[in-house]
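Peer 1: Sequence below, structure please.
(one chain, ligands or ions: 1)
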Amino acid sequence: MKNRGFTTSIIHSDRLGKPEHGSLHKPIHTSIAFGYEKAEDLAAVFQGTAKGYAYSRQANPTVSALEQKITSLEQGIGSVAFSTGMAALAALLTALLRKGDHIVSSSFLFGNTNSLLNTLAGIGVEVTFVDATEVRHVEAALKPSTRMVLVETIANPATQVADMARIGALCESKGIMYAVDNTLTSPYLFLPKSVKATFSVNSLSKYFGGHGNALGGAVTDLGLYDWSTFPNILDIYKAPGNDPRMVALLQLRKKGLRDFGGTLAPEAAHTLSVGSETLALRMDRACGNAAKVALYLSSHPKVKAVHYPGLPAHPQHSLAKELFKRPGALLSFVLADGMDTFAFLNRLNLAICSSNLGDNRTLIIPVAQTIFFEMGAKRRAEMGIEDGMMRLSVGIEDSEDLLEDFGQALA
Ligand SMILES: *Cc1c(COP(=O)(O)O)cnc(C)c1O
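Peer 2: Numbers count the residues shown, from 1 in each chain. Here you go, the predicted model:
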């Protein structure tokens, strides 16, 4: 499948695993446990000397088919799926970091990831937040104990773009793990492997599944990090029989998934898998709509500012052009002074006031009053979030209808 196109590769991937009865989709295997005729075979699965399934908290055939699909899209060596994007991030950080380890994170971050890092700081992982749009800030924050750098491709809500290639080169030169949250771009718009990331993390709940009807997350090892000298892999996973390239994923599956139990349900895996078949089609359409809406809003007198990497005025416009196939379908804008935030939102007929993003439907939310409320005014100011800021996740509706809706609500 290597040389085939993105969509060809997604829609034919299940079939290549030869599901029973010539089924074109991987079936939904709801069984929690898997039985073996010979006890030795079950023992071999437990000991990792034979491939197979034992208990679905840790591995399930329907979920594995989705993991393979993600691995191939991300051009990685393997993936572990989770019940949500947050479960994926929490598992990644807790499975591979230890007390006293230091992580440098972009300060422009999904709010719940910001909260997760603060939770980890409370149990002994040291966290430094930096402006990752310039590599020098990341470099200045490094310490001998720095084990990981974490960034998002396009930050939510103000759409800052991390200086990912230069951060990747820096991490490579220092032997530091580099995790890129690819949720806002998806493997269709961007491959974290191209900037030498160790891991790509995806919330499958967003563009990947795309229909706003199933939660999921995944971590993909991109095969670039040398785990042989990494101190936090347990000896049992480094045993001679284990492929040395796969030890981090093995520990992630055992420590991050099995112990914490943030398992993706097979029904959700199936829904996400079907949704992903149209990822490229939806993304092209949504990005096209976002570009039109961003242009429209940026020249509207009732709008003070528009943040969208596709606009030439965006501070990382050229960086976004270098990195991404398209500048994404998420934007934010700030209403002109004196505009009533809630009254504006209540006038919208099409865009839905809702906290999700990456749905086929256009969703809008006032940021400071909702998703970034809990962190308080000081941290919001640091993250560049103004009180009149709206986050807009542009969907796949007909663009004329979207422009008409924003036009009448702003009038
Ligand atoms: C939504 C989101 C997450 C968390 O994903 P869930 O599936 O909602 O847990 C993580 N990172 C980013 C960038 C997101 O947008």
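Peer 1: next one: phi and psi at Thr113?
Peer 2: Per-residue torsions, Thr113: phi -70, psi -40 (degrees, to the nearest 10).
Peer 1: Model confidence score at it, please.
Peer 2: As predicted, Thr113 sits at a pLDDT of 94.
Peer 1: what number of residues lie near it?
Peer 2: Neighbours of Thr113 under the rule other CB atoms under 10 Å: 23. (C-beta placed from N, C-alpha, C; glycine too.)
Peer 1: quick one: contacts for Glu322?
Peer 2: Ala165 (CB atoms under 8 Å, 6 or more residues apart in numbering).
Peer 1: Look through the stretch 151-300 of the chain and state the residue closest to the ligand.
Peer 2: Ser203 (3.1 Å; CB to the nearest ligand atom).
Peer 1: distance of that residue from Pro301?
Peer 2: Distance, Ser203 to Pro301, by CB to CB, to the nearest Å: 36 Å.
Peer 1: go on, Ala265?
Peer 2: As for Ala265, its distance to Pro301 is 48 Å (criterion: CB to CB).
Peer 1: Name the nearest residue to Gln160, sequence neighbours excluded.
Peer 2: Phe108 (4.3 Å; CB to CB, 6 or more residues apart in numbering).
Peer 1: Would you verify that the one you found is located in a helix?
Peer 2: No - going by DSSP: H, G, I helix; E, B strand; the rest coil, the assignment for Phe108 is coil, not a helix.
Peer 1: so who does it touch?
Peer 2: Phe108 touches 131-133, 152, 155, 158, 160, 162, 383-384, counting by CB under 8 Å, 6+ apart.
Peer 1: Which one of the residues you listed sits in the busiest neighbourhood?
Peer 2: Ala162 (29 neighbours).
Peer 1: Give me the pLDDT for the closest residue to the residue of the stretch 151-300 of the chain closest to the ligand other than its chain neighbours.
Peer 2: Among residues not flanking Ser203 along the chain, Gly85 sits closest, at 2.6 Å (CB to CB, 6+ apart). Note on Gly85: pLDDT of 98.
Peer 1: hang on, Gly85 packs against Ala214?
Peer 2: No - between Gly85 and Ala214 there is no contact under CB atoms under 8 Å: 11.9 Å.
Peer 1: Need the overlap of contacts for those two.
Peer 2: If you check Gly85 and Ala214 against CB under 8 Å, 6+ apart, the residues they both contact are 204-205.
Peer 1: Which one of the two is surrounded by more residues?
Peer 2: Gly85 (25 against 21).
Peer 1: quick one: contacts for that one?
Peer 2: Applying CB under 8 Å, 6+ apart to Gly85 gives the contacts 183, 201-206, 215-217.
Peer 1: Turn those into a markdown table, including distance to Gln68 and secondary structure.
Peer 2: What follows is those, written out as a markdown table (distance: CB to CB, whole Å; DSSP: H, G, I helix; E, B strand; the rest coil):
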| residue | distance to Gln68 | secondary structure |
| --- | --- | --- |
| Thr183 | 20 | coil |
| Val201 | 17 | strand |
| Asn202 | 14 | strand |
| Ser203 | 19 | strand |
| Leu204 | 14 | helix |
| Ser205 | 19 | helix |
| Lys206 | 20 | helix |
| Leu215 | 20 | coil |
| Gly216 | 14 | coil |
| Gly217 | 16 | strand |
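Peer 1: Now for these: which two are most distant?
Peer 2: Spatial extent of the contacts of Gly85 (CB to CB) is set by the pair Val201 and Leu215 at 14.5 Å.
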